[in-house]
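Undergrad: Next comes the sequence, and after it the predicted model I'd like to discuss.
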Amino acid sequence: MGIGGVTLDADGNAVKEWDPFLPRPPSIRGDMEDRSESEQVAVFGANTKEGATLVRMMSEKGLRVVAAVRVLGSNKTKQLIGLPGVTVKQADANDRASLLAALKGCSRAFAVTRYWEKFDGVIEQSMATNILDACASVSPPVKNLVLATFEDLSALKLRGRKSQIVPTKDGRIFPDFSGKNKVDTMGKSKGVNITHMMTSFTDDKDNKKSLILVRGMNKRIVVNSHINE
């Protein structure tokens, strides 16, 4: 047993390694607050910057959170272990068994994808459909799935790519959800409600802006913007 590393316990949960002969610091003693009656949600992509922020926010709201990560040894994963109400599990979008294990006992799921990271909508769609299929297949099924896509405008500009959020000629904001049609159709057929959350942001030191668009099954779009100048 080492110190400072991450390993899996008998239930498949990620825990920090600690010498059993040493006193355990507060961060790894376990959550003393009883959240057994709280709603449990799953967050896939939890070891991304955006996913980790979502996990922390839900932890602060008193929820139980399954933080599903691909890489156990990353710094972001280590920072999630020990947060109140948070259980960290290793899961991969291409590993059905790991998805089912992460979703067990959850009422909702969030899948965090980064369109701008690989610029491959096919990969993003494959991840979403695999997680959606697992939501419908786990017992009891997860009936609500939020697909949260993030795009960094600075990264897009560097690579000569365009945003998924396209303004119309009269200045109205119209997000391009056409790539989500397959996922929406699959959700309806499997009885899973799909909500899309699309966030476009600039995180430069002197220019921090974000625009969040949320669309549910009724196709209505809610807009939330933030500018920090």
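TA: Arrived safely.

Undergrad: For Val112, which three-state class applies?
TA: The local conformation at Val112, judged by DSSP: H, G, I helix; E, B strand; the rest coil, is strand.

Undergrad: remind me, longest helix of this protein?
TA: Of all the elements of type helix in the chain, the one with the most residues (DSSP state H) is helix 121-137.

Undergrad: Now that one: buried residues?
TA: For helix 121-137, a neighbour-count test (16 or more other C-beta atoms under 10 Å) marks 124-125, 127-128, 130-136 as buried. Using the backbone N, CA and C atoms, a C-beta is placed for each residue, glycine as well.

Undergrad: For Lys76, give me its contacts.
TA: Residues near Lys76 by C-beta atoms under 8 Å, 6 or more residues apart in numbering: 46-49, 52, 69.

Undergrad: What ranges does the protein have for its helices?
TA: If you assign secondary structure with DSSP H, the helices in the chain sit at 49-60, 75-80, 96-103, 115-118, 121-137, 153-158, 181-190.

Undergrad: Same list, these, but as CSV with mean pLDDT and distance to His196 please.
TA: Formatted as CSV, the helices of the chain follow (pLDDT from 0 to 100; distance: least, C-beta to C-beta, whole Å):
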stretch, mean pLDDT, distance to His196
helix 49-60, 89, 15
helix 75-80, 89, 24
helix 96-103, 96, 19
helix 115-118, 46, 12
helix 121-137, 85, 10
helix 153-158, 65, 19
helix 181-190, 87, 8
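
Undergrad: Mean neighbour count, the ones you listed: which tops it?
TA: Among these, the stretch with the highest mean neighbour count (mean count of other C-beta atoms under 10 Å) is helix 96-103, at a mean of 20.

Undergrad: start to end distance for stretch 14-34?
TA: Distance between the two ends of stretch 14-34: 20 Å, counting by C-alpha to C-alpha, to the nearest Å.

Undergrad: Now do the same for that stretch: mean pLDDT, whole number.
TA: Stretch 14-34 carries an average pLDDT of 55.

Undergrad: Same question for stretch 194-214.
TA: Taken as a whole, stretch 194-214 has a mean pLDDT of 68.

Undergrad: first to last residue in that stretch, what's the distance?
TA: Using C-alpha to C-alpha, the span of stretch 194-214 from its first residue to its last is 11 Å.

Undergrad: so Val183 makes contact with Gln125?
TA: Yes: the criterion here is C-beta atoms under 8 Å, and Val183 meets it with Gln125 at 6.6 Å.

Undergrad: Could you pull up the residues touching Lys49?
TA: Neighbouring residues of Lys49 by C-beta under 8 Å, 6+ apart: Lys76.

Undergrad: Next one: it relative to Ser137, how far apart?
TA: In this view, Lys49 and Ser137 are 29 Å apart by C-beta to C-beta, to the nearest Å.

Undergrad: next one: Gly85
TA: The gap separating Gly85 from Ser137 is 25 Å, by C-beta to C-beta.

Undergrad: Likewise for Ile194?
TA: 16 Å.

Undergrad: Contacts only, for Arg56.
TA: By C-beta under 8 Å, 6+ apart, the contact set of Arg56 is Leu83.

Undergrad: Any chance of a markdown table for the helices of the chain, columns distance to Glu39?
TA: Shown next, in a markdown table, are those (distance: least, C-beta to C-beta, whole Å):
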| stretch | distance to Glu39 |
| --- | --- |
| helix 49-60 | 9 |
| helix 75-80 | 18 |
| helix 96-103 | 14 |
| helix 115-118 | 28 |
| helix 121-137 | 15 |
| helix 153-158 | 34 |
| helix 181-190 | 20 |
